[in-house]
Every structure is written in C-alpha cells, then in structure tokens.
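[1] structure here, sequence nowhere to be found:
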C-alpha cells in the first residue's frame, strides 16, 4: 500500500528541503558549465532571496504548507539560453545532492520526475523527453505513477497557475508527452 503522506513530509519537511537547497545552490554556482549564470556580482540579499524562493518553490510543489510567491519557471528563466547540456548538468548536480542526503526511492524518482517536468519551461519551451541519469545508481525508467501524476498536477497548479487534467497516464513522446506515457490524451490544459 503506497504511503499517503505528501512528498514534502516524506522528504523531511521544510528544514530538510532547506538543507538540500543549501547544498544544491553552491553546486550549481560552481559547476563548470552552469557557473556562467552567476557571473554578475550579486548582493547577499539577492543570494538570500534566490535561496528562499528555491526553498519555497520546492516545499510548495512537494505538498508542503509553504506559499511560493515567485514568478513561474518560464518567466524566471526567460532569455537565459538554457540548453539541454545545461539541464543535464543541473540534473547531475541534483543527483549528487540527493546522493549526499541519501534520498531513497520512491522519493528520489518523484523529485527527478518533477525536475524533469520543468525542463520545457526552464529551457523556453524546448524539451527532449529522453531520461537523464541522475546518480551512479539510479536512472528513472518510468515518469509517473498515478500518485505522482496527481502530485505533479498539484505542483503545477501551485507554481505556475496552470492546471492539467489527465484522462489516464501522460501521453507518449509521439503525442507530445514523456517517456513512460501511455499515449492517453490530456483532457484539458489551461490557465487558472
């Protein structure tokens, strides 16, 4: 029987998510490929705001009691020129952080599924639906289960103001969906 607790609770709550963000952001800033996104001098306040927005976004998306007040991912990353290689580097850094905190299954796959689902928004609508290995021991082979699909829909509603109503599983890549999808069409996509 699957655990009905939110991903937020299963990850350890706010403090655990904040600790992960505190590890992930320096990894991203020091990554050889990604460091270019942080080349401009920034104030301590700007770094603190970036951290707080990341914590709030992840906590809210994972089902926590946090309210995310930042811009949606597409607007936040518009004009940055994020490439597939950048997103692969991000996923590698995320995998290393999850390794450090010993994030186990099924939570690990849920985090990867969510991060992967944001790729089109973060890359300006460009998506490659191939799966990305995120650690030496884990490759996501399925994208969503029913519970994860509901979690993602709720996260999308909270984070970007969009809703997605599913008839079943997500569509397959040839129908504009993701790897592991069943080919079922999406019933409705719209702005709240």
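    Thanks, I have it. Note that the structure is predicted; figures quoted are calculated from it, not measured.

[2] which helix or strand contains the residue nearest to residue 22 when sequence neighbours are not counted?
    Here the nearest residue to residue 22 in space, its sequence neighbours aside, is residue 51; by Cβ to Cβ, 6 or more residues apart in numbering that works out to 7.2 Å. For the C-beta atoms, the positions are set from N, CA and C on the backbone; glycine is no exception. Element membership for residue 51, per DSSP states H and E: helix 44-61.

[3] the helices in the chain, which residues?
    All helices of the chain, identified by DSSP state H, fall at 7-11, 13-30, 44-61, 73-77, 84-100, 107-117, 119-122, 146-160.

[4] shaky segments in the protein?
    1-3, 124-192 (pLDDT under 70).

[5] could you rerun that using 50?
    Within the chain, the stretches with pLDDT under 50 are 1, 127-150, 159-192.

[6] residues contacting residue 83?
    When contacts are counted by Cβ atoms under 8 Å, 6 or more residues apart in numbering, residue 83 touches residue 123.

[7] any idea how far it is from residue 122?
    Between residue 83 and residue 122 the distance is 11 Å, computed by Cβ to Cβ, to the nearest Å.

[8] what does residue 51 give?
    Using Cβ to Cβ, we find residue 51 at a distance of 18 Å from residue 122.

[9] try residue 84
    Residue 84 sits 11 Å away from residue 122, going by Cβ to Cβ.

[10] so which of these two has more stuff around it?
    residue 122 (20 against 14; other Cβ atoms under 10 Å).

[11] the more buried one contacts residue 87, doesn't it?
    Yes: if you go by Cβ atoms under 8 Å, residue 122 and residue 87 touch, sitting 6.8 Å apart.

[12] against residue 97, how distant is residue 20?
    6 Å.

[13] which ones are touching the closest residue to residue 70 other than its chain neighbours?
    Computed as Cβ to Cβ, 6+ apart, the closest residue to residue 70 that is not its neighbour in sequence is residue 53, at 4.3 Å. Shown in contact with residue 53 (Cβ under 8 Å, 6+ apart): 68, 69, 70.

[14] adding neighbour count and distance to residue 117, write those residues out as a markdown table.
    A markdown table is the format used below for the contacts of residue 53 (neighbours: other Cβ atoms under 10 Å; distance: Cβ to Cβ, whole Å):
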| residue | neighbour count | distance to residue 117 |
| --- | --- | --- |
| 68 | 20 | 16 |
| 69 | 10 | 21 |
| 70 | 16 | 17 |
